[in-house]
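>>> What shape does this take:
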Amino acid sequence: MTRKTWLFLIPFVVFLLGAVFLFRGLYSDPTKLESVMVGKEVPVFALQDIYDMGKQHDRSMLTGRPMLLNVWATWCPTCYSEHTYLKQLAGQGIYIVGMNYKDERDKAIKWLADLGNPYQVNLYDPDGMLGLDLGVYGAPETFFIDSKGIIRYRHVGDVNPDVWASTLKPIFDAMQ
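This is a model prediction of the structure:
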């Protein structure tokens, strides 16, 4: 092969590799992001309560009962859409801890005052450090935590009636 032929083949090979990569993406499920934290304890943390800057929460508050840890933010439109359903779940006795992620405290407090508060406790993670330790990609994400503080499942995307009934409720019920 001549040098000219090789120069022609390089862009062609790059194009083929890119096409294969993009084609694979068409058939992947964007809500299934593997988490190395599943099966492990919630990382050690100390975060302020969203309402009370003098009150600190740590990992121990995520033990004692099965619960959801919902990562949310006011800048997240999908968080807005799932908020009503989270209030319904809380009304059914599901214990939900909120973690306000990379947000402004004042905006978050106003959001909860305007839309209602489905969370029994609200953690404030302005720098996203706990989110980073959990492997959070963005909001919303919901972690299922058993009574011993072990992460049993991670759901990326909104929690809605269809997803809850088909996937999430059986997982939560198994943690009971």
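>>> host element of Y124?
Secondary-structure element containing Y124, defined by DSSP states H and E: strand 121-125.
>>> elements contacting that strand?
Secondary-structure packing of strand 121-125 (3 or more CB pairs under 8 Å, 6 or more residues apart in numbering; DSSP states H and E): strand 46-49, strand 96-101, helix 105-115. Just so you know, the C-beta spots here come from the backbone N, C-alpha and C atoms, and that holds for glycine as well.
>>> worst-scoring helix or strand of the protein, pLDDT-wise?
Per-element confidence for the chain was summarised using mean pLDDT, DSSP states H and E. The lowest value among helices and strands belongs to helix 3-26, with a mean of 69.
>>> got the contact list for the residue minimising distance to the centre of the chain?
Nearest to the centroid of the C-alpha atoms of the chain, with distances taken as CA atoms, centre = their mean, sits E141, at 1.6 Å. By CB atoms under 8 Å, 6 or more residues apart in numbering, E141 lies in contact with N70, V71, L134, R154, H155, V156, G157.
>>> any idea how far it is from L132?
Applying CB to CB, to the nearest Å, one obtains 12 Å for the distance of E141 from L132.
>>> what angle sits between the strand holding Y124 and helix 105-115?
On the basis of axes from the mean of the first three to the mean of the last three CA atoms, to 10 degrees, strand 121-125 is oriented at 150 degrees to helix 105-115.
>>> Please state the offset of whichever helix or strand comes after strand 121-125 from the chain centre?
Sequence order places helix 129-134 as the next helix or strand after strand 121-125, per DSSP H and E. Centroid displacement of helix 129-134 relative to its chain, using CA atoms, centre = their mean, to the nearest Å, is 10 Å.
>>> before we move on, the earlier item: pick the most buried one from the helices and strands packed on strand 121-125.
The highest average neighbour count among the helices and strands packed on strand 121-125, using mean count of other CB atoms under 10 Å, belongs to strand 96-101 at a mean of 24.
>>> Tell me how far that strand lies from the chain's centre.
Worked out by CA atoms, centre = their mean, strand 96-101 lies 10 Å from the chain centre.
>>> hang on, the earlier thing: what pairs with the strand holding Y124, and is each one parallel or antiparallel?
Applying DSSP bridges, strand 121-125 is found paired with strand 46-49 (antiparallel), strand 96-101 (parallel).
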